[in-house]
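Asks: One predicted model, sequence on top.
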Amino acid sequence: MPTLHHWQYYLFVFVAAVGVLQFVAAYRRWAGLEFFRNRTLSYLFSILTVCGSFVWFFGWEDRMDTSMRRAALEGAQQFVYFNTAAFLALVFTLIVSSVLFTLRRRIQSPPKTPPTGFGALSEISYFEALRRSFSPRRGSDDAPD
C-alpha cells in the first residue's frame, strides 16, 4: 500500500494555489501579480499547474482509494499543511511577480501618476505598492509646518 507523505500533500496544494493566484491575476488584469505579460500564456500556465497538480496527486499512485481513505493525513494535519502551503504560495507569487515586474519595468517607463489602493496592482508590483504606502507623502496638508 503506498503511503501519503506530508510533503506530497503540501506540494500539491502549493502548486495548485500558485496556479489559482495566476488565474485570478490574469482575469483581473493585475500586471503586478502576473508571471507572464501575455494573458493567454497566464491562463495556460494556471490551468496546467492546477490540473497537473491534481492529476499528479490523485492519479499518480491512486491515492483516492488507498492512502486518503486510510487516514494517511488527519484533518488537523491537512488543515495546517493546506494553510501553510497556500500562504507560502501567496508569498512566492508576490516575490516572483515583483521581481519579474521590476525586471520588465527597467525596459518600460514607469507610470506617470502613482496608483493607490488594491487596484494599483494593475500598474505596479506588490512590493512597489507596499513601499509607496509606507513612504511619506510630499505636499500633504497633514505635514507639520
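Replies: Done, it's in. Residues are numbered from 1 along each chain as shown.
Asks: Pull out the buried residues from the longest helix along the chain.
Replies: What stands out as the longest helix in the chain, according to DSSP state H, is helix 75-105. Within helix 75-105, the residues scored as buried using 16 or more other CB atoms under 10 Å are 81, 82, 85, 86, 89, 93, 94, 97, 98, 100, 101, 105. (Glycine included, C-beta is placed from N, CA and C.)
Asks: What is the helix or strand following it packed up against?
Replies: As assigned by DSSP states H and E, the chain's next helix or strand after helix 75-105 is helix 126-134. Packed against helix 126-134, as judged by 3 or more CB pairs under 8 Å, 6 or more residues apart in numbering; DSSP states H and E, are the following elements: helix 75-105.
Asks: The helix it packs on to helix 126-134, inter-axis angle?
Replies: For helix 75-105 against helix 126-134, the angle by axes from the mean of the first three to the mean of the last three CA atoms, to 10 degrees is 90 degrees.
Asks: Check which helices and strands helix 75-105 is in contact with.
Replies: For helix 75-105, the packing partners by 3+ CB pairs under 8 Å, 6+ apart are helix 6-28, helix 126-134.
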